[in-house]
Structures are given as structure tokens and as C-alpha cells.
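Colleague: Any chance you can model this:
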Amino acid sequence: MTMNRFLKMYNDCSKYPFGKAIFSFLYSTHVPYFLTISPIVQEMKPGHASISLKQKWLLHNHIKSVHAIAVCNLVEACMALVAEASIPSDLRWLPMGMDVSYEKKAYGKLTASSDIDPQTFFKLDKYPGPVAVPVIVRNEIGDIVTTAKVRLWISKIKKDV
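Modeller: Numbering: from 1, shown residues only. Take a look at the predicted model:
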């Protein structure tokens, strides 16, 4: 698998002080809606990603917990990290939907993580086709607040003729 530009950028930035914060900002500017939650990428490697957000007033719902859509934003940002770090260079992904379960009220620092086995997840003989990327969101004490599966459509990248 060829290292994609986001994984290379993450690895390059991580070598320096504040590198993860710099990468997190650059990653968010690629998908500006991610900026609304001010995410911090904790880890990105083939098969694994984790990303967090800190609770702030801007993300509150009517009961002063983190709004469900802010949590979904975190889920999608995590899914994109693990997909980008894991997908072979001749394939691409496109989100098709998200199945989300809110297990507990979301308070404090939240961390989304996703683990997949790239060798079985991106089998070249089954595409084009769908896959579901699992994402779990935990609060600061480790309780699961949200579980999700983000459905992706995987297809080959069309070569210019």
C-alpha cells in the first residue's frame, strides 16, 4: 500500500512539538465543517485512528451535553482518518450513511476511535461495493457514549485515458 498524503502529512507533523495540533488544523481545513468541533487527531495509522474534541459551549445542546450532531461530526472525522490511512492507492471511498447509537450523554473530552483490518477490509476482489467502518466514542473516564457504523462505497479510481 502506498502511503497517502494525509498519512504522510500526519507522520511528518507528528515529529515536531505541537505537530498533532498543526496536522489537526490542516486536516480540518480540508473538510471545513470539521473545524466546528476543533478536533485533535490523537493517532493515525493503517487500521487505526483516534481523534478527540473538548466540550465547549458552542457544542452544547439544550441539556448542556455535547450535541449529537457534534458527536456525529467527530465520528465522521475519525472514519475518514482510518479510511485514508488504510485504503489502497487504487481505491477511493465515499460516505453513504451512518448508523448511530447514543449510549450515554456526552460530557467532557470525547475520543472517537476506529479499528479495522486493512488486509481483509479492502479486499480488491469485492469492489465496487459497500463496507461499514465501526467507530466508538468514549468520554474521559472510558465510558462508551456513542457507537456508529459509517457506510462507505468503495470503488476503483478511474484512470484518465
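
Colleague: how about low-confidence regions in the chain?
Modeller: Applying pLDDT under 70 to the chain flags residues 1-3, 123-125, 160-161.

Colleague: Can you check which helix is longest in it?
Modeller: helix 68-86 (DSSP state H).

Colleague: Surely Asn73 and Thr36 touch.
Modeller: Yes. Using Cβ atoms under 8 Å, Asn73 is in contact with Thr36, at 6.6 Å. The way it works is simple: take the backbone N, C-alpha and C, and place the C-beta from them, glycine included.

Colleague: So which residues make contact with stretch 49-62?
Modeller: The contact list for stretch 49-62, computed with Cβ atoms under 8 Å, 6 or more residues apart in numbering, reads 24, 36-43, 65-68, 70, 74, 77-78, 81-82, 85, 106-114.

Colleague: cool, and stretch 18-31?
Modeller: 6, 9-10, 12-14, 16, 34-35, 38-42, 51, 77, 80-81.

Colleague: ok now that stretch, how far from the chain's centre?
Modeller: Centroid separation for stretch 18-31 versus its chain: 13 Å, with Cα atoms, centre = their mean, to the nearest Å.

Colleague: Pull out the buried residues from it.
Modeller: In terms of neighbour count (16 or more other Cβ atoms under 10 Å), stretch 18-31 has its buried residues at Gly19, Lys20, Phe23, Ser24, Phe25, Tyr27, Ser28.

Colleague: Ok, stretch 121-141 next?
Modeller: Neighbour-count burial for stretch 121-141, counted by 16+ other Cβ under 10 Å, picks out Phe121, Phe122, Tyr127, Val131, Ala132, Val133, Val135, Ile136, Val137, Arg138, Asn139.

Colleague: Tell me the spacing between the last one and Lys54.
Modeller: It stands for Asn139. Separation of Asn139 from Lys54 (Cβ to Cβ, to the nearest Å): 12 Å.
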